[in-house]
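Colleague: Sequence and predicted structure below; questions after.
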Amino acid sequence: MRKPRIFFLVGPTSTGKTEAAIYLAKKLNAEIISCDSMQVYKGMDIITSKPSITLRKKVPHHLIGVLSPSKEYNVSRYRKDALKKVQDILKRGKSPLFVGGTGLYMTILVDGIFSLGKKSGAIRKQLYKLKEAYGNRYLYKRLQKVDPEAASKIHPNDAKRVIRALEVFKSTGKPISYLQKQRKGFSQEYGVKIFSLNMPREELYKRIGARVEKMFARGLLGEVKKLSKTKLSKTASYAIGIRELKGYFAGVYDLDEAKRRIKHNTCLYAKRQLTWFRKDKRVHWVNINDRQGPKGVAEKIWKELC
RNA sequence: GCCGAGGUAGCUCAGUGGUAGAGCGCGGCCCUGAAAAGGCCGGCGUGGGGGGUCCGAUUCCCUCCCUCGGCA
């Protein structure tokens, strides 16, 4: 029997995934599951360029705007949520189509993640305190002792990862490098097809600039103002635009500067996304240009599938 | 026109008689419970043009061009 198929439409921000996904979903008889760490949040519509209600009526979308921005979110929670959606969709006799730009979320689905069991928040907090007191090197040396394999892959300055590795060791008694080998993901039980959109860098950056302008025209300022009145979770507050506009609201710089920063940081983000997808050799690249439109993009992908 | 300051990386600028750096930008990469986050690496150059001194000039001298400020 043929394995059920699961599709991914990924790529850097502003390449037009959202629109192309609608046409592709129809051809594939699919439902769309967001693969985006920020679109899960309610009230962050303009800032994350969520698909419009109109688009969402054409094809069922999942995991968009389902969580309060005051709540933390992470890969593990995402995976649980997504797995459930996959089961539901397959039961309905349809295919799951993941759409979004969060590379880690995609990888976690395809390759799996290990489970930590109990919560380790307290341990993590303690490790951060140690970092403040003794510095990165101190923690790194500790990691070298308990998990040399992980240490060899992590740069001493990458405190976040050093701490995570130590945290995992402390709470499970096993090295993270060992646990990471125990993962199981989609690639074992499904036929996974990954497509990533791409275009010349210059054009991509131009489109990002245009998108940011559009976001402001749609009322980004009001949306962020409203958001900043509530207590945002750490995760939600990392959406590009929050930090940059904060400086403007505080009078540190003017609106043009805030806009410039949003554009710039989005371009840097797009570059990092490309690096992530490039290293995954399972990705099929779909080079697009401004002329072909979302329908053309969907058809191009469809042809590759036949 | 005269006086002064200056022309070095995409930008802002350092420095040196032995063919050049820094920050930002740009590019590449890493990443497995914050990922729109976090971290690492790379100088990417007709030193304004021409001439001279010198073994050797980006550095010293002459000249021309350009920019900025002041005086006219």
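Modeller: Nice, I can see it.

Colleague: A:F195: what secondary structure?
Modeller: Secondary structure, DSSP: H, G, I helix; E, B strand; the rest coil: A:F195 is strand.

Colleague: ok, it - how many residues close by?
Modeller: Using other CB atoms under 10 Å, A:F195 has 22 neighbouring residues. For glycine as for every other residue, the C-beta is placed from the backbone atoms N, C-alpha and C.

Colleague: That one reaches A:E304, doesn't it?
Modeller: Yes - the criterion here is CB atoms under 8 Å, and A:F195 meets it with A:E304 at 7.5 Å.

Colleague: joint contacts of the two?
Modeller: Common neighbours of A:F195 and A:E304, counting by CB atoms under 8 Å, 6 or more residues apart in numbering, are A:284, A:286.

Colleague: neighbours of A:A133, just the number please.
Modeller: There are 8 residues near A:A133, going by other CB under 10 Å.

Colleague: Wait, a strand at it?
Modeller: No - applying three-state DSSP, one finds A:A133 to be helix, outside a strand.

Colleague: which regions of the stretch 1-150 of chain A sit below the pLDDT cut-off?
Modeller: Counting by pLDDT under 70, the stretch 1-150 of chain A shows low-confidence ranges at A:1, A:117-120.

Colleague: So which residues on it come close to RNA strand B?
Modeller: The stretch 1-150 of chain A has residues A:36-39, A:47-49, A:72-77, A:101-105, A:107-108, A:111-117, A:119 near RNA strand B, with proximity defined as CB under 7 Å from any atom of the strand.

Colleague: So what touches the helix or strand harbouring A:S228?
Modeller: Here A:S228, judged by DSSP states H and E, is contained in helix A:220-229. Applying CB under 8 Å, 6+ apart, the contact partners of helix A:220-229 are A:43-47, A:69, A:236, A:241-242, A:245-246, A:249.

Colleague: before we move on, the earlier item: of the residues of the stretch 1-150 of chain A next to RNA strand B, grab the buried ones for ChimeraX.
Modeller: Isolation of the buried members of these (16 or more other CB atoms under 10 Å) is achieved in ChimeraX through the command below:
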select /A:36,37,38,39,47,48,49,73,101,102,103,105,107,108,111,112,113,114
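
Colleague: Filter the residues of the stretch 1-150 of chain A next to RNA strand B down to just the ones in helices.
Modeller: A:75-77, A:103-105, A:107-108, A:111 (DSSP state H).

Colleague: ok, back up a step: any part of the helix holding A:S228 near RNA strand B?
Modeller: No - Helix A:220-229 stays clear of RNA strand B (CB under 7 Å from any atom of the strand), getting no nearer than 10.7 Å.

Colleague: Which helix or strand lies directly C-terminal to that helix?
Modeller: helix A:234-237.

Colleague: I'd like to check what contacts that following helix. Which residues are they?
Modeller: A:37-38, A:41, A:44, A:69-74, A:227, A:242-243.

Colleague: Going by distance to A:R278, which of these wins?
Modeller: A:S37 (19.6 Å; CB to CB).

Colleague: which residues touch that closest one?
Modeller: A:73, A:78, A:102, A:105, A:235.

Colleague: does the fourth one really touch A:Y78, like I thought?
Modeller: It stands for A:Y105. Yes - here A:Y105 lies in contact with A:Y78, judged by CB under 8 Å, at a distance of 5.4 Å.

Colleague: now A:F114: how far from A:R183?
Modeller: 6 Å (CB to CB, to the nearest Å).
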